[in-house]
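Student: I need the structure of the sequence given here:
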Amino acid sequence: MAKNIKTADTESMTIDVGEMYKYKKEDLMTDISSSAYSNLAYVQATHRDLYIDFLEMPGIKRDDGKMHIKGTRIYMSHSAAQKLSKALDGILKMVHSDGGMEFYTPEDETKPKISTKVQQATTRNKI
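Tutor: Alright, predicted model coming up:
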């Protein structure tokens, strides 16, 4: 844990951070301190990490005449983003299989494109 080392004029302390953060699985408790709704997200990537801006559209027009859009920015490592992508893909495929959820359909299936178009799933265009 922590060790105190005393020299002639000073005293120092060694702290084992790994020991401080050890826990048992049964002691892990999730604390969701805030939540937000988003119907639009922008994703940006850098060489170190990735961030997603989750926005609440269309926003609110304020006295200054400008639209103010609430948002939450989440930063994550590339590996965490890959895990999130895989989890979202699996969950959405499972939910789409019942045919009752809206889904994104790009105009040109061969080229990835940024868009916010969605349509209601039907038996005709079911994924």
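
Student: C-alpha from now on. contacts and neighbour counts both.
Tutor: Will do.

Student: how about the longest helix along the chain: buried residues?
Tutor: Assignment by DSSP state H gives helix 78-96 as the longest helix of the chain. Across helix 78-96, burial judged by 16 or more other CA atoms under 10 Å covers 78, 81, 96.

Student: Now those residues in TSV, please, with extra columns for pLDDT and distance to residue 53.
Tutor: What follows is the buried residues of helix 78-96, written out as TSV (pLDDT from 0 to 100; distance: CA to CA, whole Å):
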residue	pLDDT	distance to residue 53
78	96	16
81	96	13
96	83	24
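
Student: Against which helices or strands is the host helix or strand of residue 14 packed?
Tutor: Secondary-structure assignment from DSSP states H and E places residue 14 in strand 11-15. In terms of contacts (3 or more CA pairs under 8 Å, 6 or more residues apart in numbering; DSSP states H and E), strand 11-15 is packed against strand 2-6.

Student: Would you mind measuring from residue 70 to residue 62?
Tutor: Here the criterion is CA to CA, to the nearest Å. By it, residue 70 lies 12 Å from residue 62.

Student: Of these two, which one has the most company?
Tutor: The residue with more neighbours, out of residue 70 and residue 62, is residue 70; 16 against 9, by other CA atoms under 10 Å.

Student: before we move on, the earlier item: what pairs with the strand holding residue 14, parallel or antiparallel?
Tutor: Applying DSSP bridges, strand 11-15 is found paired with strand 2-6 (antiparallel).

Student: the helices in this structure, which residues?
Tutor: Under DSSP H, the chain gives helices at 17-20, 78-96.

Student: least reliable of those going by mean pLDDT?
Tutor: Mean pLDDT is lowest for helix 17-20 among these, at a mean of 86.

Student: mind listing what the nearest residue to residue 77 once chain neighbours are set aside touches?
Tutor: Distances taken as CA to CA, 6 or more residues apart in numbering put residue 49 closest to residue 77, at 4.6 Å, once the chain neighbours are dropped. Residues in contact with residue 49 (CA atoms under 8 Å, 6 or more residues apart in numbering) are 75, 76, 77, 78.
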